[in-house]
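Undergrad: Structure of the sequence below:
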Amino acid sequence: MAFTDIKPEPMTQALAEAAAAAARGEVPVGAVLVNSATGAVLAKSGNRVEADADPTAHAELLVIRAGARALGSPRLETCDLYVTLEPCAMCAQAIAFARIRRLYFGAYDPKGGGVEHGARIFEQATCHHRPEVYGGIAEREAGVLLKRFFKERR
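TA: So this is what the prediction gives:
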C-alpha cells in the first residue's frame with residue numbers, strides 16, 4: 001500500500017535523521033521508533049555504519065536497540081517503526097524478532113530491500129512475526145535524499 005503524499009510527524013523526523021546521516025557521509029537512512037500506546041518517540045537515529053565501523057549500525061537496528069533498552073524488554077509489540085528506506089533483510093529480521101507492531105517506510109529498495117523485494121523476510125515460513133507494513137510514505141523525499149547522496153559520490 002503506497003502513501004506517497006502522506007507524511008506523519010515520525011516520518012518527518014526520520015527524514016531529518018537521514019539528512020543528518022548524509023551530512024556525516026553515511027548512507028541517508030533515518031529511523032524513528034514510536035510507542036503506539038502513548039505516541040512517545042522512544043528512539044531516533046540515522047545510519048552510523050561508517051562512524052561506528054560497524055556493518056550492523058543501520059538506523060533501524062540502532063532504534064530497535066535503544067527502544068528495547070528504554071522499555072526494558074526485547075519485545076516491542078506496542079511500537080511502530082518509521083524508516084526512510086525499505087529495510088534490508090538483516091533489519092527486517094530484527095523487526096520480526098522485536099515483534100514491531102507496524103512498519104512504515106519511505107522509498108522502496110529493489111536492490112537491497114528485504115520486505116517487498118529480495119528475501120521478503122515477512123513472507124518466509126520461518127518468520128514468526130509479521131508486522132503490518134505500509135510502504136511509500138514520503139517516498140519522493142526519501143528517494144531524493146538517496147539519489148543526491150549517491151550522485152555526489154559518482
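
Undergrad: contacts, neighbours, all on C-alpha from now
TA: Fine.

Undergrad: List the contacts of A68.
TA: For A68, the contact set (Cα atoms under 8 Å, 6 or more residues apart in numbering) comprises 74-76.

Undergrad: part of a strand, is it?
TA: No: the assignment for A68, made by DSSP: H, G, I helix; E, B strand; the rest coil, is helix rather than a strand.

Undergrad: Just the local confidence number for it, please.
TA: A68 is assigned a predicted lDDT (pLDDT) of 98.

Undergrad: circling back to that earlier point, of the contacts of A68, buried ones?
TA: Applying a neighbour-count criterion of 16 or more other Cα atoms under 10 Å, the buried members of the contacts of A68 are 75-76.

Undergrad: Put together CSV for the contacts of A68, with distance to G39 and pLDDT on each row.
TA: Converted to CSV, the contacts of A68 look like this (distance: Cα to Cα, whole Å; pLDDT from 0 to 100):
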residue, distance to G39, pLDDT
P74, 19, 97
R75, 17, 97
L76, 14, 98
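
Undergrad: Quick check, R130 in contact with F122.
TA: Yes: here R130 lies in contact with F122, judged by Cα atoms under 8 Å, at a distance of 5.3 Å.
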